[in-house]
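1. Starting from these lines, generate the structure:
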Amino acid sequence: MTTKNLRVDEYLDRIDVLPPAPTLIVELLGQFKQPDRDMDKVVELIMHDPALTASLLKLCNSAFFGSSQSIETVFDAVMRVGFYEVYRMVVAVHFGNQTDFLSGAERALSVNEFWKHSVRTAVAAETVAKEVREDEATAFTAGMLHDIGKIILAVAQSEVYARLQKAGPARGQTMMEAEKALLGADHAQVGGRLMERWNLPTHLMTAIKCHHDPGHATPFERLAANIHLANVIAYTLAPACGTAPIEFKNPAKSLEILGLAADNYPTLVTRSRTAVERSKPLMER
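-> Purely as a prediction, here's the structure:
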């Protein structure tokens, strides 16, 4: 699925320094598919980035896990905390740092609130994935990345995007429609195109591009529906972060795609709230 809108590439090309492709994340995701994970390989991949390693160890030794015995190496972290927990922290640190590449975004949106929403969505997405027996790591990653196009637009068109963020969409208008009307492209298209440039797996790119309208993500509509539903939950958990766009006020469509009933939704919200509370250290950049 290749983006055809030339404005999308125009906005990406306006950024002096785009974030580098998350090669490490893709390689670690690949390790999940291995029946016998090579822990030495995992440790080697992470240690290749000293700054990431330092941030990871700091997180591991925070109140996040409350261990009285310090964790001093990546190998210790993987063995004691677990591969999946380490993966979650690596993703959070990696993409949290990437927002620093895009100086100027603060003029158009709160990068701090943007980041908190991304973490809430990622945690809700892995909660949903667990419920429907899909891959939690993929859901968490897609949830973390889903709105990255907003950062691009906030830098490339800061004044226009700032006005949109302040005024919001017109009555009855979706955020996507408002972005397209003002900018000729929306943040989901921009995010999806960035995924293409990064050469990320097609299912991740498609889910991010279609997270506002998962019905158009075939054959990856389940992952897109997961991210849509996680967005609904994230706005429910943090109403103070802003009014949810109208496309994220009703979970019915995503529940249907995922084969869930309406009465599953309150349980998912409760479980996500508990998981988000536990994951608050991931919100610190």
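2. CA atoms for contacts and neighbours, from now on please.
-> Noted.
3. Could you list the low-pLDDT ranges of this protein?
-> The chain contains residues with pLDDT under 70 at 1-4, 63-68, 100-103, 239-243, 285.
4. Could you list the domains of this structure?
-> By the assignment in automatic domain parsing, the chain contains the domains 1-19+107-285, 21-101.
5. deepest of those, which one?
-> domain 1-19+107-285 (a mean of 20; mean count of other Cα atoms under 10 Å).
6. Next, residue 73: phi, psi?
-> Dihedral pair for residue 73: phi -140, psi 160, per degrees, to the nearest 10.
7. correct me, but residue 215 touches residue 221?
-> Yes. Residue 215 is in contact with residue 221 according to Cα atoms under 8 Å; the separation is 5.9 Å.
8. Tell me where this protein has strands.
-> Ranges of strands in the chain, per DSSP state E: none exist.
9. how far does the lengthiest helix in the chain sit from the chain's center?
-> The residue-count maximum for a helix in the chain (DSSP state H) belongs to helix 111-132. Here the centre of helix 111-132 is set off from its chain's centre by 7 Å, with Cα atoms, centre = their mean, to the nearest Å.
10. With just CA atoms, put it into CSV.
-> Backbone C-alpha positions of helix 111-132 (Å, rounded to 0.1, in the frame of the first residue of the first chain) are rendered in CSV as follows:
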residue,chain,number,x,y,z
VAL,A,111,5.2,17.0,22.9
ASN,A,112,4.9,15.9,26.5
GLU,A,113,1.2,15.2,26.2
PHE,A,114,1.7,13.7,22.8
TRP,A,115,4.2,11.3,24.3
LYS,A,116,1.9,10.3,27.3
HIS,A,117,-0.9,9.6,24.8
SER,A,118,1.4,7.4,22.8
VAL,A,119,2.4,5.4,25.8
ARG,A,120,-1.2,5.0,27.0
THR,A,121,-2.3,3.9,23.5
ALA,A,122,0.6,1.4,23.3
VAL,A,123,-0.2,-0.1,26.7
ALA,A,124,-3.9,-0.3,25.9
ALA,A,125,-3.0,-1.9,22.5
GLU,A,126,-1.0,-4.7,24.2
THR,A,127,-3.9,-5.2,26.6
VAL,A,128,-6.3,-5.6,23.8
ALA,A,129,-3.8,-7.9,21.9
LYS,A,130,-3.6,-10.1,25.0
GLU,A,131,-7.4,-10.4,25.1
VAL,A,132,-7.7,-11.3,21.4
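11. Which neighbouring elements make contact with that helix?
-> Judged by 3 or more Cα pairs under 8 Å, 6 or more residues apart in numbering; DSSP states H and E, the packing partners of helix 111-132 are helix 136-145, helix 221-237, helix 265-278.
12. contacts for the first one?
-> Right, the one you point to is helix 136-145. 29, 84, 87-88, 91-92, 95, 118-119, 121-123, 125-127, 129-130, 204, 207-208, 223, 226-227, 230 (Cα atoms under 8 Å, 6 or more residues apart in numbering).
13. follow-up on the earlier one: quick one: the longest helix of the chain to helix 221-237, angle?
-> Comparing the axes of helix 111-132 and helix 221-237 via axes from the mean of the first three to the mean of the last three Cα atoms, to 10 degrees yields an angle of 130 degrees.
14. Distance to residue 168 added to the helices and strands packed on helix 111-132, as TSV?
-> Formatted as TSV, the helices and strands packed on helix 111-132 follow (distance: least, Cα to Cα, whole Å):
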stretch	distance to residue 168
helix 136-145	22
helix 221-237	15
helix 265-278	26
